[in-house]
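Enquirer: Next comes the sequence, and after it the predicted model I'd like to discuss.
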Amino acid sequence: MNDLASQSFAVSIDAARVAYDGVALFEDLHLTLPARQWTCLLGESGVGKSTLVRLIAGLLPPDSDVTVSCDDGLPLPGRVAYMAQQDLLLPWANVLDNVTLGARLREGRANKETQERARALLARVGLTESARALPATLSGGMRQRAALVRTLMENRPVVVMDEPFSALDAITRVRLQELAADLLRERTVLLVTHDPLEALRLGDRIHVLIGRPARLAEPMELTGPTPRSLRDPAVLSGQADLLERLAGSAAP
């Protein structure tokens, strides 16, 4: 595996205008993802969080004026991995084939080295015994662990995650937060979430997206190692602050 630390870079998104059916979603919106940090994005439903993720992935709507740039001067396409809210596992493929899907699509097969790396990551997430299982036989938490491994198999220095743990029960969610924090520690990460507690446990910087056209409120900066303890007083007080910000930004 390549040294991700040596590849780390910041990503900047400048959305001069993004509109749907003539209605502006973003105007003059600027977001920077610092290198090797987790940036978390919160906001009410429909404000544009998922659209911002798609902009970074290069999926631009027709009526848009957007620039995505990296501070190393190289283009972002090919250097970003995406993890969605749904696991999106292929139901007819077993877990090992699902997590090596990228290699199989690009190269026609998953070679021995790719399969060994996949098995090592599956072991990290506790899915060794499920490598040949079909998705339908797995729990929701197991499926999301497989989706996380598929994301990691792309070995990209930038990872964007759109509410990847929101459908899970509370205990599984906490465990996967801890796992993601460990396995994605050297990446530049954007995490979209509805959960202030999740953002406070994982984030180095937290933004709230508000209004229409949407704008970014002043970010909340956090320090210290992640994932932060659920009992951390700073996490508990920060949760109240973020809830107040979200409540104040919500449409009546």
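Expert: Perfect, I can see it now. This structure is a prediction, so every number in the text was calculated from the model and none was measured.
Enquirer: Please, which helix or strand holds Thr67?
Expert: strand 64-70 (DSSP states H and E).
Enquirer: What residues sit buried inside that strand?
Expert: For strand 64-70, burial by neighbour count (16 or more other CB atoms under 10 Å) applies to 64, 66, 68-70. Quick note: C-beta positions are derived from backbone N, CA and C, even for glycine.
Enquirer: Tell me the one of these nearest Gly126?
Expert: Minimum separation from Gly126 among the buried residues of strand 64-70 (CB to CB) is found for Cys70, which lies at 34.1 Å.
Enquirer: Setting aside sequence neighbours, what's the nearest residue to that closest one?
Expert: Of all residues not flanking Cys70 in the chain, Phe9 sits nearest, at 4.9 Å (CB to CB, 6 or more residues apart in numbering).
Enquirer: Would you mind giving me the confidence score for that neighbour?
Expert: Listed pLDDT for Phe9 reads 93.
Enquirer: cool, Ile13 as well?
Expert: The model's pLDDT for Ile13 equals 93.
Enquirer: which one is it nearest to, not counting chain neighbours?
Expert: Residue nearest to Ile13 in three dimensions, not counting chain neighbours: Leu31, with 4.6 Å by CB to CB, 6+ apart.
Enquirer: What is the neighbour count of Glu178?
Expert: 14 (other CB atoms under 10 Å).
Enquirer: got the phi/psi numbers for it?
Expert: Dihedral angles of Glu178 (phi, psi; degrees, to the nearest 10) stand at phi -70, psi -40.
Enquirer: try Ser166
Expert: Dihedral pair for Ser166: phi -70, psi -20, per degrees, to the nearest 10.
Enquirer: rewinding a little: OK, contacts around the residue nearest to Cys70?
Expert: For Phe9, the contacting residues are 35, 70-72, 74, 157-158, 188, by CB atoms under 8 Å, 6 or more residues apart in numbering.
Enquirer: Let's have those in a markdown table, adding distance to Val95.
Expert: Output for the contacts of Phe9, formatted as a markdown table (distance: CB to CB, whole Å):
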| residue | distance to Val95 |
| --- | --- |
| Ala35 | 32 |
| Cys70 | 33 |
| Asp71 | 36 |
| Asp72 | 34 |
| Leu74 | 33 |
| Pro157 | 25 |
| Val158 | 25 |
| Thr188 | 27 |
